[in-house]
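>>> Using only what follows, build the 3D model:
(chains A and B)
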Amino acid sequence: NAGVTQTPKFRILKIGQSMTLQCTQDMNHNYMYWYRQDPGMGLKLIYYSVGAGITDKGEVPNGYNVSRSTTEDFPLRLELAAPSQTSVYFCASSSPLGSGANVLTFGAGSRLTVL
Amino acid sequence: QKEVEQNSGPLSVPEGAIASLNCTYSDRGSQSFFWYRQYSGKSPELIMSIYSNGDKEDGRFTAQLNKASQYVSLLIRDSQPSDSATYLCAVRGRNGGSQGNLIFGKGTKLSVKP
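Alright, predicted model coming up:
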């Protein structure tokens, strides 16, 4: 039971580089999310998806892009990395039905540093 | 701007004591309330959810909700050193079927001293 798997766990980028954070879940959850967490701060929603082919912006979408071609995968793309994107990124998923609604299962996180 | 406020702490309690964690929220239409625990360097994990006014107990944990006061709390009885973590309050508004409006507080860091 893998749950939510994120890769890579750590990455250092130079300013202006691009990269993709991968996220896969095996729980057949419709809803998937990307959050960032800065030191001492709560989780800020970047993008979310309610199903394959459907994505929407969260609170802090600038500088990021997402796609959702399958139920399982929800990659986050960083274009032209900036120091302000240094953070820990969490992918999460949830079921929209019944008591599981809004119960987020998180991946282990990806720590990104932009220098 | 919908907000969820928590004291950042650290909140320090002796082993065996009751730890009381508090959270206030600004959106009066909020429907669902959650407490997540996050150990240092780890991802958040859900420990309690509450949807209606009153108390909800689960083992050593009790969540309390007062919608009139826009206040939700988490009590941890018989605190253990293993409870030392950051506790995140999360609130979901009333916005139809959208799952994009779960708002997190900054978290309260709890330290339980042996």
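
>>> what about residue 57, neighbour count?
This is for chain A. The tally of other residues near residue A:57 (other CB atoms under 10 Å in any protein chain shown) stands at 14. (C-beta placed from N, C-alpha, C; glycine too.)

>>> meant chain B actually
Residue B:57 - counted by other CB under 10 Å - has 12 other residues nearby.

>>> same check, this time on the one 5 residues further on
For residue B:62, the count of nearby residues is 18 (other CB under 10 Å).

>>> May I ask you to confirm that it is in contact with residue B:72?
No. Between residue B:62 and residue B:72 there is no contact under CB atoms under 8 Å: 11.4 Å.

>>> And for the lowest-mean-pLDDT helix or strand in chain B, what's in contact with it?
One helix or strand of chain B scores below all others by mean pLDDT, DSSP states H and E: strand B:102-104, with a mean of 86. Contact with strand B:102-104 is made by A:35, A:42-45, A:102, A:104, B:2-4, B:25, B:27, B:34, B:36, B:88-93, as judged by CB atoms under 8 Å, 6 or more residues apart in numbering or on different chains.

>>> For residue A:78, list each beta-bridge partner.
Note on residue A:78: beta-bridge partners by DSSP bridges are residue A:19, residue A:64.

>>> Give me the distance between it and residue A:88.
14 Å (CB to CB, to the nearest Å).

>>> Ok, residue A:44 next?
11 Å.

>>> how about low-confidence regions in the chain?
I'll assume chain A. In the predicted model, chain A carries pLDDT under 70 at residues A:1, A:96-102.

>>> think we crossed wires, I meant chain B
Applying pLDDT under 70 to chain B picks out residues B:1, B:94-101.

>>> which parts of it sit against chain A?
B:4, B:8, B:32, B:34, B:36, B:42-46, B:49, B:88, B:92, B:97, B:99-100, B:102, B:104-107 (CB under 8 Å from any CB of the partner chain).

>>> Now, these that are in strands?
Among these, DSSP state E puts B:4, B:32, B:34, B:36, B:45, B:46, B:49, B:88, B:92, B:102, B:104 in strands.
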